[in-house]
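# Got a sequence here, can you build the structure:
(one chain, ligands or ions: 1)
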Amino acid sequence: MCGIVGYIGDRPATEVCVAGLRRLEYRGYDSAGIAVAENGGLEIVKVVGKLDGLAEALAENPLSGTMGIGHTRWATHGKPSEVNSHPHTSMDGRIAVVHNGIIENYADLRDSLQEEGYEFASETDTEVIAHLVDKYYKGDLAAAFRRAVKDLEGAFALGIVCADDPDQMVAARRFSPLVVGIGDGENFIASDMGAVREWTDRVYVIDDDEMAVLTRHDIVLTDLDGNPIEHEPYQIPWPADAAEKGGHKHFMHKEIHEQPSAMRECLLGRLTDADSPIKLDGLNMTEDEIRGLRKIVFTACGTAYHAGLVGRFLMEKLARVPAECDLAAELRARDPVVLEDTLAIVVSQSGETADTLVALRELKDKGAKVVSVVNTVDSSIARESDGVVYIQAGPEIGVASTKAYTLQLLTLTMMATHFAAVRGTANEEDLRDLRASMLGVPEQTQELIDREDDIREVASKYYEAPDAFYLARGVNVPSALEGALKLKEISYIHAEGYSAGEMKHGPIALIEPNLFTVAIAVEGEVYEKMIGNIQEVKARSGPVVAVAMDGDAEITRQADDVLWIPECPELISPITAAIPLQLLAYHISDMLGREIDQPRNLAKTVTVE
Ligand code: F6R
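Next up is the predicted model:
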């Protein structure tokens with residue numbers, strides 16, 4: 001993981017780098033550091049912990065240099081400590097490197113560099129890069145880097161500066177994301193475009209095995225052998241303030257509240273009225289291809305995986321295509337069978353998750369057509385897919401995914417409804433009903449957000465509980481998994497999501513008054529069975545919070561508390577049920593005083609396998 005930034009221009013580099021790093025802190029916050037060209041050398045400042053510490057250190061000892069690189073770290077090799085923080089430098093301190101990724105052959109490189117007399121200060125894999133560039137440096141930083149990179153195996157997005165050349169910065173990428181921001185008399189590098197959006201709305205999105213040499217007035221793009229390449233500048237579509245908190249206490253809270261408008265954006269131009277077909281530009285599939293599908297394989301990680309599970313359910317139920325859903329990190333191990341006419345649907349908010357990217361490549365190599373459902377435009381996963389349906393959520397900064405999840409669900413529901421219509425596998429009246437319900441989802445979501453006070457009240461009853469169960473059946477089993485994930489990742493309360501049908505096969509032994517159960521019991525095929533499960537929990541003195549549809553009188557007799565959602569078809573309910581579950585997790589965590597936007601040990605974008 002980790003985030004990198006770099007600046008070359010005429011402003012103090014620390015200001016630009018610290019502001020850029022703030023936008024990247026979601027990528028890790030174990031330590032932060034900066035290197036600035038100043039007085040003929042490089043000044044390095046590093047702190048363990050969050051960026052605020054770096055900002056304080058820089059306020060005490062300001063630096064005025066106008067070229068610098070910065071880093072926010074999620075530790076992979078070596079514990080979070082000052083010495084392991086980036087930037088890492090050559091022994092004489094004249095070359096500095098910031099790195100996101102993992103150098104897989106670092107141990108061998110380190111051994112041979114040590115034999116040549118290089119001394120290492122840190123336990124990191126990154127430090128070998130600084131020494132390698134130093135080894136090959138003969139007065140031309142870019143040439144030294146091109147030589148050094150031939151020795152590297154693994155993943156990297158790199159920013160490199162050299163004290164002997166304060167007018168040049170080198171950046172390169174293999175497998176980890178990198179953009180170059182295009183300014184006027186100033187240029188930038190960063191792990192994502194959000195980090196440079198404050199200063200520019202034009203970037204080059206760098207591909208694998210490409211590098212950039214930046215001066216104040218020029219950007220030269222080449223491959224790693226130095227052959228020139230060309231990229232069209234990408235115009236960032238969102239405004240500079242899209243990544244601000246906008247009066248909310250946390251980004252997560254802001255992003256929960258943004259869901260109605262984001263959903264409208266997501267539907268725009270795709271689903272206009274209940275009677276018209278859904279149009280998914282970017283899907284890149286002909287109707288014949290959709291009709292000819294023999295299998296769909298979903299793959300993703302974490303919250304996106306839960307969205308994939310809902311997608312699998314909908315594709316089988318509506319479009320009648322055999323479907324499976326794999327955790328991306330496990331897909332390769334299973335060596336999945338890819339039949340002719342297999343479609344892979346890859347789900348990712350960031351579009352940069354390493355496991356998901358590896359799974360995508362595996363499926364592509366095996367002959368699957370790949371369509372990704374992605375938020376970040378022009379991300380690696382988007383670019384490597386045959387088709388992309390963007391969820392249009394805008395930047396998601398809070399580490400816990402919220403709006404991306406519901407928009408992934410909305411997008412997958414549109415896809416399944418579209419496939420069913422093309423394949424003629426579902427009743428047209430049911431499909432019409434689904435389309436009408438999807439159009440109503442933004443308004444229903446707003447209604448749910450307006451009920452936040454009721455949810456906060458329920459949170460106040462349970463926030464001190466040590467454990468929680470989330471139960472559901474059918475299309476909402478992933479809602480239970482996602483509800484539990486939201487709670488555990490931001491509150492640190494132990495929470496498990498289960499199919500309610502599994503309870504009697506073991507987990508019910510854990511029920512006792514201190515463990516609360518969230519039971520998703522919406523009207524539909526599995527409602528009666530869910531009522532049975534609630535009764536089983538209640539019979540063992542376990543408190544129950546139900547998620548149920550407005551007007552359900554029965555549920556008030558069964559559950560201790562109810563989080564109400566507006567009526568909708570069961571197949572749509574994973575979208576609306578997610579909202580009270582997000583708010584419940586949020587308010588419980590807020591009552592516990594947790595660092596909601598940056599939970600411990602986590603990073604938003606997991607760019608290592
Ligand atoms: C949890 C969460 C993670 C991500 C997962 C995949 O709230 O955000 O579980 O869903 O790391 O990330 P993307 O969607 O960027 O591939």
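# Quick check: closest non-adjacent residue to Gly501.
Arg473 (6.2 Å; CB to CB, 6 or more residues apart in numbering). Quick note: C-beta positions are derived from backbone N, CA and C, even for glycine.
# so Val338 sits in a strand?
No. With DSSP: H, G, I helix; E, B strand; the rest coil as the criterion, Val338 is coil rather than part of a strand.
# Setting the sequence-adjacent residues aside, check what's closest to the most centrally placed residue in the chain.
Relative to the mean C-alpha position of the chain, the nearest C-alpha, by CA atoms, centre = their mean, is the one of Ser350, at 4.0 Å. Leaving aside its sequence neighbours, Ser350 sits nearest to Thr605 (CB to CB, 6+ apart; 4.3 Å).
# for the residue of the stretch 201-350 of the chain found nearest the ligand, what are its contacts?
At 1.9 Å from the ligand, Gly302 is the closest residue in the stretch 201-350 of the chain, using CB to the nearest ligand atom. Listed by CB atoms under 8 Å, 6 or more residues apart in numbering, the contact set of Gly302 reads 401, 485.
# Pull up the per-residue confidence for the residue nearest to Gly41 when sequence neighbours are not counted.
Nearest residue to Gly41, sequence neighbours excluded (CB to CB, 6+ apart): Ala163, at 4.9 Å. Looking at Ala163, its pLDDT is 97.
# Phi, psi for Ala163 please.
With angles defined as degrees, to the nearest 10, Ala163 sits at phi -60, psi -30.
# I figured it hits Arg94, correct?
Yes. Taking CB atoms under 8 Å as the definition, Ala163 is a contact partner of Arg94 at 4.2 Å.
# Common neighbours of these two, please.
The contact sets of Ala163 and Arg94 overlap at 41-42 (CB under 8 Å, 6+ apart).
# Residues touching the helix or strand that contains Arg147, excluding its own?
Using DSSP states H and E, Arg147 sits within helix 141-149. Helix 141-149 is contacted by residues 95, 129, 132-138, 158, 160-162, 164-165, 168, 170, 172, 211, 213, 224-226 when judged by CB under 8 Å, 6+ apart.
# Please point out which parts of that helix sit buried.
Using 16 or more other CB atoms under 10 Å as the test for burial, helix 141-149 gives 141-142, 144-149.
# closest to the ligand among those residues?
Closest to the ligand, out of all of the buried residues of helix 141-149 and judged by CB to the nearest ligand atom, is Val149, at 26.7 Å.
# before we move on, the earlier item: mind checking how far the residue nearest to the centre of the chain is from Ile490?
18 Å (CB to CB, to the nearest Å).
# and if you look at Met549?
26 Å.
# Report the buried residues of whatever helix or strand Lys538 lives in.
For Lys538, the element it lies in under DSSP H and E is helix 527-539. For helix 527-539, burial by neighbour count (16+ other CB under 10 Å) applies to 527, 530-531, 533-534, 536-538.
# Looking at the residues you listed, which one is closest to Ala416?
Minimum distance to Ala416 across these is 21.8 Å, recorded for Tyr527 (CB to CB).
# Which entries within the contacts of helix 141-149 meet the buried criterion?
Using 16+ other CB under 10 Å, the buried ones in these are 95, 129, 132-137, 158, 160-162, 165, 168, 170, 172, 211, 213, 224.
# Please list which of those also come close to the ligand.
For the ligand, no contacts are drawn from the buried ones among the contacts of helix 141-149 by CB under 6 Å from any ligand atom.
# Can you flag which of those belong to strands?
Among the buried ones among the contacts of helix 141-149, the members found in strands (DSSP state E) are 95, 158, 160-162, 170, 172, 211, 213.
# now Ala468, which residues is it bridged with?
Beta bridges link Ala468 to Ala495, Phe516, judged by DSSP bridges.
# avg pLDDT for the helix holding Lys538?
97.
# Tell me the residues of the stretch 451-600 of the chain that contact the ligand?
By the rule CB under 6 Å from any ligand atom, the part of the stretch 451-600 of the chain lying against the ligand is 485, 489.
# quick one: the helices in the stretch 451-600 of the chain?
452-462, 477-491, 527-539, 553-558, 573-591 (DSSP state H, counting those that start in this stretch).
# Any chance of JSON lines for those helices, columns distance to Val45?
Listed next are these as JSON lines, based on distance: least, CB to CB, whole Å:
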{"stretch": "helix 452-462", "distance to Val45": "40"}
{"stretch": "helix 477-491", "distance to Val45": "30"}
{"stretch": "helix 527-539", "distance to Val45": "54"}
{"stretch": "helix 553-558", "distance to Val45": "57"}
{"stretch": "helix 573-591", "distance to Val45": "32"}
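# Nearest to Glu443 among those would be which one?
When those are compared for distance to Glu443 using CB to CB, the nearest one is helix 573-591, at 10.6 Å.
# Excluding sequence neighbours, find me the nearest residue to Asn225.
Actually, residue 225 is Asp. It isn't Asn. Arg146 (6.8 Å).
# and if you look at Ile189?
Nearest one to Ile189, counting by CB to CB, 6+ apart, is Gly6 at 3.9 Å.
# What is the burial count for the residue nearest to Gly501?
23 (other CB atoms under 10 Å).
# quick one on the thing from earlier: could you check which of Met549 and Ile490 has the larger neighbour count?
Between Met549 and Ile490, counting by other CB under 10 Å, Ile490 is the more crowded of the two (28 against 21).
# ok, the residue lying closest to the more buried one once chain neighbours are set aside - contacts?
Of all residues not flanking Ile490 in the chain, Ser589 sits nearest, at 4.3 Å (CB to CB, 6+ apart). Taking CB under 8 Å, 6+ apart, we find Ser589 in contact with 487, 490-491, 596.
# Filter the residues you listed down to the buried ones.
Using 16+ other CB under 10 Å as the burial test, the contacts of Ser589 include 487, 490-491, 596 as buried.
# From those residues, pick the one nearest the ligand.
Among those, and counting by CB to the nearest ligand atom, the member closest to the ligand is Ile490, at 8.2 Å.
# tell me the contacts of the closest residue to Thr303 other than its chain neighbours?
Among residues not flanking Thr303 along the chain, Ser401 sits closest, at 4.2 Å (CB to CB, 6+ apart). Contacts here follow CB under 8 Å, 6+ apart; on that basis Ser401 touches 302-304, 349.
# top of those residues by neighbour count?
Top of the contacts of Ser401 by neighbour count (other CB under 10 Å): Gln349, with 29 neighbours.
# List the contacts of that one.
Contacts of Gln349 were listed using CB under 8 Å, 6+ apart, and they are 303-304, 374-376, 391, 393, 396, 401, 404, 408.
# measure Glu523 to Gly551 for me?
As judged by CB to CB, Glu523 and Gly551 stand 9 Å apart.
# now Ser372
From Ser372 to Gly551 the distance is 39 Å (CB to CB).
# So which of the two has more stuff around it?
Ranked by neighbour count (other CB under 10 Å), Ser372 and Gly551 place Ser372 first, with 28 against 10.
# Looks like the more buried one contacts Ser385 (just checking).
Yes. Between Ser372 and Ser385 there is a contact under CB under 8 Å: 4.0 Å.
# I am finished for the moment; much appreciated.
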